[in-house]
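*Asks:* Predicted model follows, preceded by the sequence.
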Amino acid sequence: MNDAGHQPAGSQSHDPNFPERFIEFMRTGWRDVALDAAPRTEAPNHAKRRADLSAAFPGETLVIPSGVDKVRSNDTHHPFRPGTEHVWLTGEHDPDAVLLMRPTEGGHEATLYLRPRSPRDTDEFFRDINYGELWIGRRHTLAEKATELQLNTAHLDDLAAALDECAPGHTRVLRGFDPSVDAQVRTAGNERDVELARVLSELRLVKDAWELEQLRDAIDATVRGFEDAARVLPSDRPVSERLIEGVFGLRARHDGNAVAYGSIVGSGAHAAILHWMRNDGRTNPGELLLMDMGVENRHLYSADLTRTVPVSGTFSPLQRQVYDIVHRSQQAGIDIIRPGTPVDDVRQACMRVLAEGLADLGILPVSVEEAMAKDATLYRRWTLHGFGHMLGLDVHDCASARKEKYREGTLEAGYVLTVEPGLYFQPEDELVPAELRGIGVRIEDDVLVTPTGAEVLSSGLPRGADEVEAWLAAQRDAGPRLP
């Protein structure tokens, strides 16, 4: 097996033994067709990002791989998703590609090393099930890719020699994406590579106008996916959670690239399990259904939304009381979002409303102030996660940023984050009344920090209890639809 996890062509027990006459026949009679390549409209955005990265590391060689295919089982692979930083810098989506930025007098010279289309002077195009064009489709030539990305390209076969020239004390590698690159390139200490990952995360915190277009696209598709799910959710009989997951997945695959993460579809007590992803339960009239789902669009930008709906169509008084607490908590966080607001202030605003709501429900064993104290935080028994996270190419975006720029930092215009408070009462929790056990509510929206405040990018989905009931009824009246 090679570094990319592929079996060599012809090595599997089910591979055919082609007779020489057939092989000779396959080598003849093929017409060469060029792709109509044109520069992508977003190419200048990627060039600016490379320039920003170059300015952060003058005089140093930078190596950013896209990643390799990963085996799912035997000779089948997981769908490939390129590394976020590589996509952000190049727009390239193929596996095995490596961006090499060499220092020059004026900054850096960037070259993308990649695997070009199958040549016709070898048998790869019809014999190699991993890369052959008759198996996986036409790939770009180096020239075609260079035109589209507006970036110098070179053959992947030349990468090893280029990496051999990298000086350890002046090279940084984004590690963990390509084992062969990690093994070949030595650097002067792990801290240097960690700093590269950190700087890339922090450069990505502020989204440019093109990125915001992609996020709006992903969010709009997600709203349509929630509508699709509501239209197949009956009010009077159970259906599988996986029906909801599958219907949303159809929308994600049709309108985008895929789901942005494993969909969480939790009915009844499953809604109280924060990362319920088995989705093997069934909806029940009278219970709540929590749906945490997002579309990854075709440029790999992610949405992340959660809605909790009453399966019957109407919240019970107790369900509504819990839902309203969570809704007030979310609104309190959104209300204070603006440039200069400490991220922790948003968290505190959300959590205080949750703690006050728990007190109103008679659950808190101490006062709100004591429950909120840093050495206690007792309210978190019923809301383990934070208030939200950054959003972009990754659903939990910019994860390598310093805490001083993220969790302990302040918001800036152009940040996009989720606001997603929740309350979860486990069926086994003897500290809550029996009628609350098994109720879970989360409301999550995607929010842009504007120069003057906040814009809820996902406002196409209603949030208030009355509006949710009306929306659910409207979707059911409209009935199922094809994408």
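*Replies:* Sure, I can see it. Numbering: from 1, shown residues only.

*Asks:* A helix includes S458, no?
*Replies:* No - per DSSP: H, G, I helix; E, B strand; the rest coil, S458 lies outside any helix segment and is coil.

*Asks:* Show me how the chain divides into domains.
*Replies:* Per automatic domain parsing, the structural domains of the chain span 20-203, 209-478.

*Asks:* Can you give me the end-to-end span of the last one?
*Replies:* If I follow you right, that is domain 209-478. 34 Å (Cα to Cα, to the nearest Å).

*Asks:* Now do the contacts for E469.
*Replies:* Counting by Cβ atoms under 8 Å, 6 or more residues apart in numbering, E469 touches 310, 313-315. (Glycine included, C-beta is placed from N, CA and C.)

*Asks:* How much space separates it from R476?
*Replies:* Separation of E469 from R476 (Cβ to Cβ, to the nearest Å) stands at 11 Å.

*Asks:* Find the residues that touch each one of these two.
*Replies:* G313.

*Asks:* Quick check: longest helix in this structure by residues?
*Replies:* Ranked by residue count and defined by DSSP state H, the top helix of the chain is helix 209-231.

*Asks:* in that one, what's buried?
*Replies:* Neighbour-count burial for helix 209-231, counted by 16 or more other Cβ atoms under 10 Å, picks out 211-212, 214-231.

*Asks:* and the gap between the nearest residue to R138 once chain neighbours are set aside and A37?
*Replies:* Spatial nearest neighbour of R138, excluding adjacent residues (Cβ to Cβ, 6 or more residues apart in numbering): R117 at 6.4 Å. According to Cβ to Cβ, R117 and A37 sit 12 Å apart.

*Asks:* ditto for D280
*Replies:* In terms of Cβ to Cβ, D280 sits 46 Å off from A37.

*Asks:* Who has more neighbours out of those two?
*Replies:* A37 (15 against 12; other Cβ atoms under 10 Å).

*Asks:* Quick one: residues contacting that one.
*Replies:* With Cβ under 8 Å, 6+ apart, A37 has these contacts: 140, 143-145, 147-148.

*Asks:* In helices, which of those residues fall?
*Replies:* 143-145, 147-148.

*Asks:* how about the strands of the stretch 51-200 of the chain, start to end?
*Replies:* Ranges of strands within the stretch 51-200 of the chain are 61-65, 71-73, 76-77, 98-104, 107-114, 152-155, 171-173, based on DSSP state E, counting those that start in this stretch.

*Asks:* in the stretch 1-150 of the chain, which ranges drop under the pLDDT threshold?
*Replies:* Where the stretch 1-150 of the chain drops to pLDDT under 70, the residues are 1-15.

*Asks:* Mind doing that once more with 50?
*Replies:* Flagging of the stretch 1-150 of the chain using pLDDT under 50 yields the residue ranges 1-4.

*Asks:* ok, now which ones touch V419?
*Replies:* 330, 333-334, 337, 346, 350, 387-388, 444-445, 447.

*Asks:* okay if I get the residues you listed as CSV plus secondary structure, pLDDT and neighbour count?
*Replies:* Putting those into CSV (DSSP: H, G, I helix; E, B strand; the rest coil; pLDDT from 0 to 100; neighbours: other Cβ atoms under 10 Å) gives the following:
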residue, secondary structure, pLDDT, neighbour count
Q330, helix, 98, 27
G333, helix, 98, 27
I334, helix, 98, 20
I337, coil, 98, 24
V346, helix, 98, 24
C350, helix, 98, 27
F387, coil, 97, 25
G388, coil, 98, 25
E444, strand, 98, 26
D445, strand, 98, 25
V447, strand, 98, 26
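
*Asks:* Redo those residues as TSV? Include distance to D255.
*Replies:* Putting these into TSV (distance: Cβ to Cβ, whole Å) gives the following:
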residue	distance to D255
Q330	26
G333	29
I334	26
I337	28
V346	30
C350	30
F387	28
G388	24
E444	20
D445	19
V447	22
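
*Asks:* nearest to L100, of the residues you listed?
*Replies:* Nearest to L100 among those: G388, at 35.9 Å, using Cβ to Cβ.
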